[in-house]
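In: Fold the following.
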Amino acid sequence: MNFSLEKTEHYTIIRVLADKLDSTIAPDLKSELLLLNKDGVANIILDLSNTRYCDSSGLSSVLVGQRLCKGDNGTLILTGLQPAIRKLISISQLDPVLQIVPTVSEAIDYLFMESIEKDLNNE
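Out: From the prediction side, this is the model:
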C-alpha cells in the first residue's frame, strides 16, 4: 500500500508512504479521497513527510481532496512538505488555496481551533 489511514471522529490522517506522488499513485489517492468523502469525512490531514516528489497528477489529487473537503464544510491540510513539493505548490500559485502547516500535530490543533471558531460563529 502506498499510504496509510488513521481515522478519528473529527478527522482522518492520510500518510503517503511513497517517495513519489505521481501518476502511478495519484489515482489511488483520488479514489481514497472520494471514498472518505462518501463516508462523510470532511477534515483530512495529508501527511507528505515521506514524499520527496510530486507531479501534476499528484497535485491534481490534492486539489480534488481540497475541493471535496471544502464542499462538505471541512478542511484539507497538507503537512510535512519537502522542499521540491513546496516549490511546486508555490510555482503553481496554490499557496493561498491550500492549507499548509509543518506537522501533523499542528494540523490537528488547527482543525480543533477551526471547529471552535465555527461553533462560536454559529451562536
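
In: ok, longest helix in this structure?
Out: Taking DSSP state H as the criterion, the chain has its longest helix at helix 104-122.

In: Pull out the buried residues from that helix.
Out: 104, 107, 108, 110, 111 (16 or more other CB atoms under 10 Å). Where you see a C-beta, it was placed from the backbone N, CA and C, and this is true even at glycine.

In: Would you mind checking the average pLDDT for stretch 17-37?
Out: Regarding stretch 17-37, the rounded mean pLDDT is 96.

In: Pull that stretch out as PDB, backbone CA atoms only.
Out: The C-alpha trace of stretch 17-37 is given here as PDB (Å, rounded to 0.1, in the frame of the first residue of the first chain):
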ATOM      1  CA  LEU A  17       4.300   6.300   2.200                       C
ATOM      2  CA  ALA A  18       5.700   6.500  -1.300                       C
ATOM      3  CA  ASP A  19       8.700   8.600  -2.300                       C
ATOM      4  CA  LYS A  20       6.800  10.000  -5.300                       C
ATOM      5  CA  LEU A  21       3.300  11.200  -5.600                       C
ATOM      6  CA  ASP A  22       2.900  10.800  -9.400                       C
ATOM      7  CA  SER A  23       0.700   9.200 -12.000                       C
ATOM      8  CA  THR A  24       1.200   5.700 -10.600                       C
ATOM      9  CA  ILE A  25      -0.100   6.700  -7.100                       C
ATOM     10  CA  ALA A  26      -2.300   9.700  -7.700                       C
ATOM     11  CA  PRO A  27      -5.300   7.700  -8.900                       C
ATOM     12  CA  ASP A  28      -5.300   5.600  -5.700                       C
ATOM     13  CA  LEU A  29      -5.100   8.700  -3.600                       C
ATOM     14  CA  LYS A  30      -8.000  10.300  -5.500                       C
ATOM     15  CA  SER A  31     -10.100   7.100  -5.000                       C
ATOM     16  CA  GLU A  32      -9.400   7.100  -1.300                       C
ATOM     17  CA  LEU A  33     -10.300  10.700  -1.000                       C
ATOM     18  CA  LEU A  34     -13.600  10.100  -2.800                       C
ATOM     19  CA  LEU A  35     -14.400   7.100  -0.500                       C
ATOM     20  CA  LEU A  36     -13.600   9.100   2.600                       C
ATOM     21  CA  ASN A  37     -15.900  11.900   1.300                       C
END
